[in-house]
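A.B. asks: sequence first, predicted coordinates after that:
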Amino acid sequence: MESLINGSSIGNFTEIEDVDGIDCHYIDHHLINIRFWLVSVIGTIIAFIAIILNTFLFLLFITNKSHRNSPSLYLLLLAFFDVFMGVSYILVMSGRVVKNYYGNLFLQKIWMSYVVIMMAISHIAMTASSYLIVFATLERYMITIGHSSVRFLRKYRKILALFIVLLGFVSKGTIFIELNVSINEECIGTFNEYVLGIADFLYENHAYNTYWKFYYRNIVTVLLPFFLLMIFNIGILNKLRKRDKHIVTAFLLKEQESLKARKTRIRAATRTTVLVGLTYLFSNALNVVITIWEHVDAITLTEMYFDFYVISVDLVSVLTVIASAIRIIIYACSQTTMRSEIKSFWSNGLRNLHCSGRKKMKALKIDANSEDYDVMEIKQNRDDNHIITFSKIEINITDQNKEFLV
């Protein structure tokens with residue numbers, strides 16, 4: 001049996017069996033009642049919500065040119081892949097538990113007809129989503145610290161996004177050839193007439209199993225994005241904490257309002273990125289623990305703590321769709337501009353998509369692009385404003401310090 005929880009193995013399915021040793025009438029009913037309510041009831045409801053909300057987000061982002069040309073490009077693609085993850089969850093994870101719960105041969109045949117392709121799609125989406133969040137956080141981190149590399153990240157953002165998508169396809173697309181569904185001639189007409197198994201070449205290819213599935217998949221698609229995101233988020237939070245200790249004083253009301261508004265938007269965008277990253281870390285923490293445990297002491301995990309292992313595998317999938325479903329809440333709560341845009345888009349509906357899209361784009365263009373400014377640019381603008389101010393007007397610095405704190 002292999003586990004679908006991580007990248008080295010490709011499934012949390014007890015259905016992956018050796019054809020020669022299978023019981024034709026065996027149905028996996030282990031902890032079936034708990035798993036049915038967790039995966040097929042609660043998880044499916046959340047997945048449906050995630051599909052609807054992320055479809056809405058994708059349409060909102062794709063119809064606004066400002067989003068396509070800003071760091072929101074990563075969020076646009078993230079919403080796109082979140083839709084596929086929601087669909088895959090319902091068809092693969094929920095469908096697996098439902099067919100076992102009812103022991104229905106018809107459902108078993110339907111599930112077997114699409115499971116391989118849907119598993120490949122779901123894992124491609126998960127890997128791409130992970131790195132979309134990582135690169136969005138990386139760009140936000142560079143903006144926060146005022147690093148010159150932000151210009152490179154901004155200039156080649158679309159190329160980097162394409163690279164992320166290709167990385168998902170390369171890393172997980174081979175799942176399509178690693179699994180196969182075969183017919184067990186001895187079990188025709190029974191529940192296990194069709195068997196999900198491992199491709200023959202995997203039994204003989206030690207290098208593929210060791211270096212590609214074990215090392216590459218575990219490190220690149222599970223551990224690396226998790227720990228990179230943790231490092232970037234800690235860096236952003238630490239930088240913001242230090243910056244809050246410094247008082248920035250502007251000497252003209254007009255310049256102060258402009259600077260303060262821009263800083264507020266950047267801070268809101270940073271908060272959004274951090275929260276998206278934190279939800280990813282939270283939803284994948286158990287995944288990382290199980291992944292490491294699987295390869296450090298698999299016997300203890302799968303024998304002594306088998307119940308924990310089974311529930312953990314299902315829980316990881318549920319946590320993933322929960323994180324997907326609450327992204328729109330994070331966007332709406334963290335950014336006033338995004339909240340207004342969501343309300344406007346929801347009110348207009350798809351009927352007015354074409355007509356209202358251009359008007360909204362003009363109204364929100366400045367706000368969307370303002371997230372793209374780096375700290376060094378703002379600092380330079382602030383310094384320039386101060387120089388001009390000193391030459392034109394006398395100001396009581398003490399009073400201004402009291403009134404305008406950023």
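C.D. replies: Yep, it's here.
A.B. asks: on the pLDDT front, check the residue positioned nearest the centre of the chain for me.
C.D. replies: In the chain, the C-alpha nearest the mean C-alpha coordinate belongs to residue 129, at 4.0 Å (CA atoms, centre = their mean). Among the per-residue scores, residue 129 holds a pLDDT of 96.
A.B. asks: what about it, which SS state?
C.D. replies: Of the three states, residue 129 takes helix according to DSSP: H, G, I helix; E, B strand; the rest coil.
A.B. asks: what residues are up against it?
C.D. replies: With contacts taken as CB atoms under 8 Å, 6 or more residues apart in numbering, residue 129 has the following neighbours: 78, 81-82, 85. Placement of C-beta: from N, CA and C, glycine included.
A.B. asks: tell me how far residue 43 lies from residue 58.
C.D. replies: According to CB to CB, to the nearest Å, residue 43 and residue 58 sit 22 Å apart.
A.B. asks: more crowded one of those two?
C.D. replies: For the pair residue 43 and residue 58, the greater number of neighbours falls to residue 43 (25 against 19), based on other CB atoms under 10 Å.
A.B. asks: buried members of the contacts of residue 129 into ChimeraX, please.
C.D. replies: Below is the selection syntax for ChimeraX that covers the buried ones among the contacts of residue 129, with 16 or more other CB atoms under 10 Å defining burial:
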select :78,81,82,85
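A.B. asks: check the offset of the lengthiest helix in the chain from the chain's centre.
C.D. replies: Ranked by residue count, the top helix of the chain under DSSP state H comes out as helix 253-296. Using CA atoms, centre = their mean, to the nearest Å, the mean C-alpha position of helix 253-296 is found 12 Å from that of the whole chain.
A.B. asks: endpoints of stretch 167-179, how far apart?
C.D. replies: End-to-end distance of stretch 167-179: 20 Å, with CA to CA, to the nearest Å as the criterion.
A.B. asks: quick one: buried residues of it?
C.D. replies: 167-168, 171-172, 174-176, 178-179.
A.B. asks: same question for stretch 42-50.
C.D. replies: Neighbour counts using 16+ other CB under 10 Å place 43-44, 46-50 of stretch 42-50 among the buried residues.
A.B. asks: may I have it exported as PDB, CA atoms only?
C.D. replies: Listed in PDB are the C-alpha atoms of stretch 42-50, where the atom choice follows Å, rounded to 0.1, in the frame of the first residue of the first chain:
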ATOM      1  CA  ILE A  42     -17.900  17.900   5.600                       C
ATOM      2  CA  GLY A  43     -15.000  17.900   3.000                       C
ATOM      3  CA  THR A  44     -17.400  17.800   0.000                       C
ATOM      4  CA  ILE A  45     -19.400  20.700   1.300                       C
ATOM      5  CA  ILE A  46     -16.200  22.800   1.800                       C
ATOM      6  CA  ALA A  47     -14.900  21.700  -1.600                       C
ATOM      7  CA  PHE A  48     -18.100  22.900  -3.300                       C
ATOM      8  CA  ILE A  49     -17.800  26.200  -1.600                       C
ATOM      9  CA  ALA A  50     -14.100  26.400  -2.600                       C
END
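A.B. asks: which outside residues touch it?
C.D. replies: Stretch 42-50 is contacted by residues 82-83, 85-87, 89-90, 93-94, 314, 317-318, 321-322, 324-325 when judged by CB under 8 Å, 6+ apart.
A.B. asks: re earlier: closest to residue 270 out of the contacts of residue 129?
C.D. replies: The shortest approach to residue 270 among the contacts of residue 129 belongs to residue 78, at 16.7 Å (CB to CB).
A.B. asks: one step back: which is the next helix or strand following the longest helix of the chain?
C.D. replies: Following the chain from helix 253-296 toward its C-terminal end, the next helix or strand by DSSP states H and E is helix 298-299.
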